[in-house]
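Participant: show me the folded form of this:
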Amino acid sequence: MATKTIDATLFASSHPDIAKRTSVSGLLISLAMMVAGLLIFVSIFEMHDKSSTISMALMVVGTALILLGVFRLFWKSKEMVYLPTGSVTKERSMFFDLKHIGELTEMIERGNPDCEAGIKSESSGNVRMDIMISQDNKFAALQLFQFVPYTYTPVTSVCYFTGSEAAAVSAFLSKCRTV
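Facilitator: As a prediction, this is how the structure comes out:
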């Protein structure tokens, strides 16, 4: 199957109903880690024997907590949210055998995933489906890619599903997921 020239990919494109927001729980966890690390690090200076194994271990633990907290603050404190329902979306990829590319392309472009198609995902493959789906199954976005030497190239444009169509996409994805 020939691939199309498609500029936008799922993870790089935006949808008007999807917004990136700061996760309050992620922010609080990051700040708690940084404060705990700072308190552990400061407690070292109150110890009488600063060269003991315990003080060195506390220094390592305190430094690690501070660094992990900073990492989480900058890279893990954002989440994508489907605005109409306020549900958090998750992004992932699934892989399929090349023999299923025709069926998958037709399902995505038709907008009607068939749960009874018998298509099973694999741990790796020549066909990759990028997925963004809300936790409440009210929003889904799919895009299909084919591996052409050295890179995955888009086969379909990004297709968005809402309401019952998104629920059907979720049912299809859970049915074709390998255990």
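Participant: what helix or strand is the residue lying farthest from the centre of the chain located in?
Facilitator: No residue in the chain sits farther from the centre than His48, which is 47.0 Å out by CA atoms, centre = their mean. Using DSSP states H and E, His48 falls within no helix or strand.
Participant: shouldn't Glu91 be within a strand?
Facilitator: Yes. Assignment of Glu91 by DSSP: H, G, I helix; E, B strand; the rest coil places it within a strand.
Participant: that one: neighbouring residues, count only.
Facilitator: Using other CB atoms under 10 Å, Glu91 has 12 neighbouring residues. Glycine gets a C-beta too; all of them are placed from N, C-alpha and C.
Participant: does the residue lying closest to it once chain neighbours are set aside have beta-bridge partners, and which?
Facilitator: Spatial nearest neighbour of Glu91, excluding adjacent residues (CB to CB, 6 or more residues apart in numbering): Met132 at 5.0 Å. Beta-bridge partners of Met132, counted by DSSP bridges, are Glu91, Ala141.
Participant: quick check: Met132 touching Ala141?
Facilitator: Yes. With contact defined as CB atoms under 8 Å, Met132 reaches Ala141; the gap is 4.3 Å.
Participant: centre of the chain versus the longest helix along the chain, how much separation?
Facilitator: Determined from DSSP state H, the single longest helix within the chain is helix 53-75. With CA atoms, centre = their mean, to the nearest Å as the basis, helix 53-75 stands 26 Å off its chain's centre.
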